[in-house]
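# Fold the stuff below for me.
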Amino acid sequence: MDEDDHTISDEDEEEFEGKRKRKPPKKAAKRQKFTQVETEEIKTYFSEYLKSGNCLRKQQVEDAKQKSR
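Below is the predicted model:
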């Protein structure tokens, strides 16, 4: 095969076809917006963090979930 020849032989083509197959795209979850009640509840539990711009810790989120139920 010459350096200028960019054709693929039949053997190489069969090997190539077997390796590359596209996976079907995964369906994305449908976004569910917070209700007005949920939004107010989040603001009350996390107002301190929202004002300061600090991130919550996992334990604080878990505590808020327990209070919410």
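
# Toward the C-terminus, what is the element adjacent to the helix or strand of the chain with the lowest mean pLDDT?
The helix or strand of the chain with the poorest confidence is helix 10-19; it has a mean of 57 (mean pLDDT, DSSP states H and E). Using DSSP states H and E, the helix or strand that directly follows helix 10-19 along the chain is helix 36-52.

# tell me which residues of that next one are tucked away?
By neighbour count on 16 or more other C-beta atoms under 10 Å, the buried set for helix 36-52 is Tyr45. In short, each C-beta sits where N, CA and C put it, glycine included.

# Now do the helix or strand just after that helix: distance to the chain's middle.
The helix or strand immediately downstream of helix 36-52 is helix 58-68, counting by DSSP H and E. Here the centre of helix 58-68 is set off from its chain's centre by 23 Å, with C-alpha atoms, centre = their mean, to the nearest Å.
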